[in-house]
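S.K.: Below: sequence and its predicted model.
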Amino acid sequence: MFTSAPMLLRCLSTFALLTCLPFAVLAQTPSPLPSFYNTYHYTAYTVYDNTSAEPPTEVRGVGGSLILRADGTYEKHLSIVAPSGPHYFNQSGRFTLIGDSIRFAFTDLKGSDVQRGTFRFEPATKRLTISIIGYPTGNKGVYELVAADAKASPTPKAPRPKPVKKART
């Protein structure tokens, strides 16, 4: 039992704060546009290594998809074709957005893990850039993606006029 009114008041205040805090945080964070939740295709991957004087590495042969659902679940199917052969990275789990921060939580053969970073979404072009924090601190991987329904279809070309044969006289 509580022995004093101030202690009871502190406990109730803490309870109210802990119960209402998630709603306050959600109210402050604008939700992404509905077009954000989509299937994306990987178009580029760049590795930034601050332990080296070398420029960032643009990884070639990047492909695959990332599905972000409105219910907070995701599926990642990333492939990288290297001279040694293709490498596949498959994950599924949950993602969380707070401001421009993104967090991916998943379980793989090594157990539970979390990847954190930032994202930038361009609604007009449906392009998504995700920067994932790497190891050691300061390193990062930057993924460029485009929504599946945003792929530009080739513009049909106007038919060329047929050459006119000159009439013989």
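M.R.: Received the coordinates, thanks. Numbers count the residues shown, from 1 in each chain.
S.K.: And the strands in this protein?
M.R.: Secondary structure of the chain (DSSP state E): strands located at 39-48, 57-59, 62-68, 73-82, 85-98, 101-108, 111-122, 127-133, 140-147.
S.K.: how far away is G64 from F89?
M.R.: Applying C-beta to C-beta, to the nearest Å, the value for G64 to F89 is 8 Å. C-beta: built from backbone N, CA, C; applies to glycine.
S.K.: So which of the two has more stuff around it?
M.R.: Taking neighbours as other C-beta atoms under 10 Å, G64 and F89 compare with G64 leading, 17 against 11.
S.K.: For that one, list the residues it contacts.
M.R.: Contacts of G64 were listed using C-beta atoms under 8 Å, 6 or more residues apart in numbering, and they are H41, Y42, K76, H77, L78, S79, Y88, F89.
S.K.: for V146, same thing?
M.R.: By C-beta under 8 Å, 6+ apart, the residues touching V146 are Y40, H41, T43, T125, K126, R127, L128.
S.K.: do the same with S79
M.R.: G61, V62, G63, G64, P86, H87, Y88, F89.
S.K.: so of the strands of the chain, which one's packed in deepest?
M.R.: strand 140-147 (a mean of 20; mean count of other C-beta atoms under 10 Å).
S.K.: what's the average pLDDT for that one?
M.R.: Averaging pLDDT along strand 140-147 yields 97.
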